[in-house]
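J.: need a structure here:
(chains A and B)
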Protein chains: 2
Amino acid sequence: MRFEINKDKLLYHLIVAQKAMSTKTPNPALQGMRLDVLEDHLVITTSNADISIQIKLEDQSLAIESTGSMLIPGKYFIDIIRKLDGQTVTLTQGDDTLLRIEADHSDITLNLLEIEDYPNLVFTEKEHFVKINVRTLKTLIRQTAFATSSIENRPILTGVHVKIDGNRLAAVATDSYRLSQKAIELESDYEPMQAIIPGKSLEELIKILEHNQDHVEVHFDQSRVLFKYRNILFLSRLLEGNYPETSKLIPSDFPVRIKFNKESLLTAIERASLLSNRDSSNAVVKLALRSDDTVEITSNAPEIGRVLEEVYPVDEVEGSPIKIAFSSRYFLEALKVFASSEVTISFTGEVRPFIMTGEYDEDMLQLILPVKTD
Amino acid sequence: MRFEINKDKLLYHLIVAQKAMSTKTPNPALQGMRLDVLEDHLVITTSNADISIQIKLEDQSLAIESTGSMLIPGKYFIDIIRKLDGQTVTLTQGDDTLLRIEADHSDITLNLLEIEDYPNLVFTEKEHFVKINVRTLKTLIRQTAFATSSIENRPILTGVHVKIDGNRLAAVATDSYRLSQKAIELESDYEPMQAIIPGKSLEELIKILEHNQDHVEVHFDQSRVLFKYRNILFLSRLLEGNYPETSKLIPSDFPVRIKFNKESLLTAIERASLLSNRDSSNAVVKLALRSDDTVEITSNAPEIGRVLEEVYPVDEVEGSPIKIAFSSRYFLEALKVFASSEVTISFTGEVRPFIMTGEYDEDMLQLILPVKTD
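T.: As a prediction, this is how the structure comes out:
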């Protein structure tokens, strides 16, 4: 096997493939990148326990002299390609065990990994797939995946539940203390289906989606989902089991509604969360609607101090005075995903979940469970 | 005590003072910032075991209503000031134990620390001090402090040895495997003196030196050194003991001299250091001058692979073929402090220290001990 290619072109694709490469794994083969050199293109493959990436690399700089397949130690390979001088790199498989990398005045030899140890990955495209605009998909992921659970004892909650019916795709994530749901309209109609996609897979996926005007094809399988974007195939396992019925968690009757300027509310909550015992990410913050319709945000850490913030609602307030306490982290994370500059918070009661909605965030709802305080 | 001040002005100086603040310390008082409010200015003081900072803060935005002194929990104070809305902040000492911070619609109360527990720090300026241009001092520190030892079992080597005689200031640092020395010319003549300044103190000092055209006054004491820069006093302890006589470590006879383009040599050594067992920062790299006057840089990690780089000297080489092995980290750190684009390496023998010099790096010398290999 021998070919030459533009160094930057190769590096760009190796960095994409790196996202599915394991650095710490009991299976050393998964620290490798599989490289298949075919007649007129390369295929780069990486995989860890959860996701796999396959890239078809065609380029006018690519000059293939002979074909072959090999498993390259991924981390070293990327480090080397990144540091090379010169524009062109020549790769030659010396024998079954060695890769020779030549560029400018560098002559580097890497010991290859055993390609027989590499898992057999199948990136099957389906006849029927769902087509989603890149920008829409990225927004959908950013607005939901953060609310998945990071605790493994309820594995099903580490995923985003996706339901498709007709031209509507609905996504829900919850860790049982907060919930995020968002629906989008698809460009065509599809048969009803559902799947639970690991939140972490989706967070890796958005890192490789660059061109907002493009589309992603989503190919669902019984146990896997394949995202096809440009020359990249991104495969993730699905979570098995029944996702909890979340719709009944969401209250429908809201005696109190307050509309806020998102930025003012955000900075007030941020300041209120500063004075917690060195873990400002999980401070308990209180919100109280006073009878003069001003909102008070407070926090109190007896050994450190206390914060009182006054926030003025942007519209007439609906409802009577209420006090509620919550995790500042959950509140801030939910607030930050809104595109609207004004966000409405709707309360059912002091110990009932409350929800956030935004005028320009269609079909999105953020729900947070309050914290009980004395 | 009560005053108001422009928020950004205050924050800027708190961030400078933070550099001498302890975050982890057995003495909780050192997690505080001492604030003295005088008739027409503020004094901010911070200290850890090694360095102390005192800032005199005068500003037209400062409106002092009443004076006083207090010890504020530093981390929380800076976090709060950073996050405040509005331009002006008002600080009021509620009673001996509380500080009230008001800005825009925020009303925050911080519990104060016990000011009696704060050490009594003396920032005495001397009648005779050394004056050094900021840019010159920063360069001097960057070119020497990196070569100090970070291991505490020979504490004296964690410092930079500074000698002044007439209008010449010479600085030396060594961790006994490499050595850096640099001399600068002062604007006036001084009595002979010497001191050993902790390398870490100097690295904190350069972070606060911003304006290259300014000067720093250096006030030496028996056990301490005070740097005066603008409205900032920066105090460091000195190291006690005798610094080793380093001049005899430096060879004077160099049968082999090779001049390199700094950048080509740097990238070749970087590539050669990539293939070490996941610790590329301390790879052993070999340099060999061949009889055709080409220089070969090689490294070999049997389980991973090997690198061969050819580097072409920029001038005629002096001397006959030689092979030498060294730590890539030491080599790269030394090479990077040169301002010259061409660097000469002078060798005495394969197991003798070699030195680096640069045409435009006057009075600077970097020395590295080779590594013995099979």
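J.: what's the distance between residue A:369 and chain B?
T.: The gap separating residue A:369 from chain B is 26 Å, by CB to the nearest CB, to the nearest Å. Every residue, glycine included, has its C-beta placed from N, CA and C.
J.: for that residue, what are its contacts?
T.: Contact partners of residue A:369, counting by CB atoms under 8 Å, 6 or more residues apart in numbering or on different chains, are A:177, A:178, A:326, A:353.
J.: pretty sure residue A:125 is in contact with residue A:225, am I right?
T.: No - judged on CB atoms under 8 Å, residue A:125 makes no contact with residue A:225 at a distance of 11.8 Å.
J.: joint contacts of these two?
T.: Contact with both residue A:125 and residue A:225 is made by residues residue A:219, according to CB under 8 Å, 6+ apart.
J.: Which residues are in contact with residue A:154?
T.: The contact partners of residue A:154, by CB under 8 Å, 6+ apart, come to residue A:176.
J.: I meant to write residue A:293 there.
T.: Counting by CB under 8 Å, 6+ apart, residue A:293 has contacts A:313, A:316, A:317.
J.: now it: how far from residue A:285?
T.: From residue A:293 over to residue A:285 the distance is 20 Å, taken as CB to CB, to the nearest Å.
J.: before we move on, back to that, could you pick out the buried ones from the contacts of residue A:369?
T.: Among the contacts of residue A:369, those that count as buried by neighbour count (16 or more other CB atoms under 10 Å in any protein chain shown) are A:177, A:178, A:326, A:353.
J.: Of the residues you listed, which belong to strands?
T.: Assigned to strands by DSSP state E, the following of those qualify: A:178, A:326.
J.: I'd like the buried ones among the contacts of residue A:369 as a markdown table, with distance to chain B appended.
T.: Formatted as a markdown table, the buried ones among the contacts of residue A:369 follow (distance: CB to the nearest CB, whole Å):
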| residue | distance to chain B |
| --- | --- |
| A:177 | 25 |
| A:178 | 23 |
| A:326 | 19 |
| A:353 | 27 |
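J.: for the stretch 101-250 of chain A, what spans make up the strands?
T.: Assigned by DSSP state E, counting those that start in this stretch, the strands in the stretch 101-250 of chain A fall at A:106-111, A:130-133, A:159-174, A:178-198, A:215-220, A:224-229, A:232-237.
J.: Which one, of those, ends up nearest to residue B:335?
T.: Closest to residue B:335 of the strands of the stretch 101-250 of chain A is strand A:106-111 (CB to CB; 17.9 Å).
J.: Contacts for the closest one, please.
T.: Contact with strand A:106-111 is made by A:72-73, A:76-77, A:80, A:84-86, A:94, A:97-102, B:268, B:271, B:275, B:303-310, as judged by CB under 8 Å, 6+ apart.
J.: Are any of those residues buried, and if so which?
T.: Applying 16+ other CB under 10 Å to the contacts of strand A:106-111, the neighbour count classes A:72-73, A:76-77, A:80, A:84, A:99, A:101-102, B:268, B:271, B:275, B:304-309 as buried.
J.: what's the closest non-adjacent residue to residue A:190?
T.: The spatially closest residue to residue A:190, leaving aside those adjacent along the chain, is residue A:164, at 5.1 Å (CB to CB, 6 or more residues apart in numbering or on different chains).
J.: State the distance from the one you found to chain B.
T.: 42 Å.
J.: Could I get the contacting residues of that residue?
T.: Contacts of residue A:164 by CB under 8 Å, 6+ apart are A:130, A:170, A:186, A:190, A:191, A:192, A:193, A:194.
J.: Do you know the pLDDT at the closest residue to the first one other than its chain neighbours?
T.: In other words, residue A:130. Nearest in space to residue A:130, with sequence neighbours left out and distances taken as CB to CB, 6+ apart, is residue A:218 at 4.3 Å. The score at residue A:218 is 98. That number is its pLDDT.
J.: What is the burial count for residue A:218?
T.: By the criterion of other CB atoms under 10 Å in any protein chain shown, residue A:218 has 22 neighbours.
J.: before we move on, the earlier item: can I get the buried ones among the contacts of residue A:369 in a markdown table with distance to residue B:364?
T.: Supplementary listing: those in a markdown table, determined by distance: CB to CB, whole Å:
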| residue | distance to residue B:364 |
| --- | --- |
| A:177 | 60 |
| A:178 | 59 |
| A:326 | 59 |
| A:353 | 66 |
